[in-house]
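Here is a sequence with its predicted model. Questions after.
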Amino acid sequence: MSDAETDAAVAARALMLGASMATLATAAWDRDGWPFASLVQIALDTRGAPLLLLSDLAEHSRNIAADDRISLLIDGTSGLKEPLAGPRLTLLGRARKSTEPDHRRCYLARHPSAAQYVDFADFAVYHMAVDSAHLVAGFGAIDWISAEVLLDQPKES
């Protein structure tokens, strides 16, 4: 791991911690795999991996059921005079339904109003297993970051 990747990971984690919303991209299974983007609320688990609360009735949930590969775009450019000079992070990974109580707790801690519908039969918490991340921290400040460096996870021997 390089110093540049470590610095990029620190900036990426800060962006993730500050985000409550993201753009979710899935492959539209009933539209020949065309990209399908949705606005979603996000939270982070204790290691820093994204959590989503999605309804089975939503288009993106049906897409994930057919192909669990997703991308999340976290936009840190709001309010900037020059948005393209601001930070944004694209996460690549796989989304899977989670029954982990800690995931539900983390999500509700970030989005307490979701308690109104989190237990509806068609809703589920999804955990994103991050594969890699792409940080654009401004003009010319662009880095790929491995999941191992981005997330607080043990290193494999």
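Nice, thanks for sending it over. Numbering: from 1, shown residues only.

From now on I want contacts and neighbour counts done on CA atoms only, so please keep to that.
OK.

Helices of this protein, start to end?
In the chain, the helices defined using DSSP state H lie at 3-18, 59-66, 101-110, 147-150.

Okay, buried residues for the strand ranked longest in the chain please.
Determined from DSSP state E, the single longest strand within the chain is strand 123-136. Residues of strand 123-136 classed as buried: 123-130, 132-136 (neighbour count, 16 or more other C-alpha atoms under 10 Å).

Number of residues surrounding Thr6?
For Thr6, the neighbour count with other C-alpha atoms under 10 Å is 15.

What sits closest to it if chain neighbours are left out?
Spatially, and ignoring its direct neighbours in sequence, Thr6 is nearest to Val149 (6.7 Å; C-alpha to C-alpha, 6 or more residues apart in numbering).

quick one: low-confidence parts of the protein?
1-2, 153-157 (pLDDT under 70).

Try it again at 50.
Applying pLDDT under 50 to the chain picks out residues 154-157.

distance of Tyr117 from His111?
11 Å (C-alpha to C-alpha, to the nearest Å).
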